[in-house]
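Chemist: Just need the structure, nothing else, for what follows:
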Amino acid sequence: TERIKLGTLVTGVTYRHPGVLIKQVTTLDVLSGGRAYFGIGAGWYEREHLGLGIPFPPLSERFERLEETVQLARQMWAGDVAPFNGRHYQLAEPLNYPQALSRPHPPILIGGSGEKKTLRLVARYADACNLFAMDLAEVRHKLEVLRQHCETEGRPYDAIEKSTLGPAVALPGAAPLSPELSGWVVSPAQAIDQIGALRELGIGHHIFGGAIDYPEMVDLIAAEVMPHFAKETVTA
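Modeler: Numbers count the residues shown, from 1 in each chain. Take a look at the predicted model:
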């Protein structure tokens, strides 16, 4: 590919050591010619952690680790090799070479909608946020909370990209989607209405859930939904 952005929505901070994770994102950015983004969150899927033998710390600790990880990412992408001495991570020489091509660094997207911690971290560190788009009133409220955090942090609200994750698009005449998506589908017309309403709230990037497993869904979104939003970003 030559234009598509590459990243995760989102990886849990618990899965990889942050120094290695940041170098992985850097490598992706270099190999793609500067098209990587860094999607990160506090992690939530306890079953997966237990199944794979990965420690699953309490929520408060996961948020502490998330903040240290984004602090370290900004330091490493700035080329600062000074020792990093956090509560949970200590790196004697966080060297990042070759350096990322994206300037000033691959965009940092923090996923989640927690009002006290997640959105505060977005305002303080991130280039983008990601919210569930199930309820417009809820999205409006979360954006207002983010705006308040930006004022507290002295950060321009408009400097943060606002993105949403929404339902999959139903495939006419196709077999039912996987059980995980069965209750989370809309028609193309409903998707157009939803994205239009989100645009009015200031959302500039909407992501359809589940499409990665259904190439025909990507084609349907491209043919029937994306042409209505030429200036916005709509991805599957």
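
Chemist: residue contacts, the nearest residue to Tyr214 once chain neighbours are set aside?
Modeler: Once flanking residues are discounted, Tyr214 sits nearest to Leu171: 6.7 Å by Cβ to Cβ, 6 or more residues apart in numbering. Bear in mind the C-beta positions are built from the backbone N, C-alpha and C, glycine included. Contacts for Leu171 (Cβ atoms under 8 Å, 6 or more residues apart in numbering) come out as Leu177, Tyr214, Glu216, Met217, Leu220.

Chemist: switch to 10 Å and redo it
Modeler: By Cβ atoms under 10 Å, 6 or more residues apart in numbering, Leu171 lies in contact with Leu177, Val185, Tyr214, Glu216, Met217, Asp219, Leu220.

Chemist: Quick check: the farthest pair among those residues?
Modeler: Val185 and Asp219 (16.1 Å; Cβ to Cβ).

Chemist: Comparing these two, which residue is more hemmed in?
Modeler: Val185 (19 against 13; other Cβ atoms under 10 Å).

Chemist: re earlier: now the contacts of Leu171: which count as buried?
Modeler: Leu177, Val185, Tyr214, Met217, Leu220 (16 or more other Cβ atoms under 10 Å).

Chemist: Touching, Leu101 and Val25? I think so.
Modeler: No: counting by Cβ atoms under 10 Å, Val25 is not a contact partner of Leu101; they are 11.6 Å apart.

Chemist: hey, what's in contact with both of those two?
Modeler: Common contact partners of Leu101 and Val25 (Cβ under 10 Å, 6+ apart): Ala36.

Chemist: more neighbours, the two?
Modeler: Counted by other Cβ under 10 Å, Leu101 and Val25 do not tie: Val25 has more neighbours, with 28 against 16.

Chemist: any idea which element the more buried one lies in?
Modeler: helix 18-31 (DSSP states H and E).

Chemist: name the helices or strands packed onto that helix?
Modeler: Packing partners of helix 18-31 (3 or more Cβ pairs under 10 Å, 6 or more residues apart in numbering; DSSP states H and E): strand 11-12, strand 38-41, helix 59-77.
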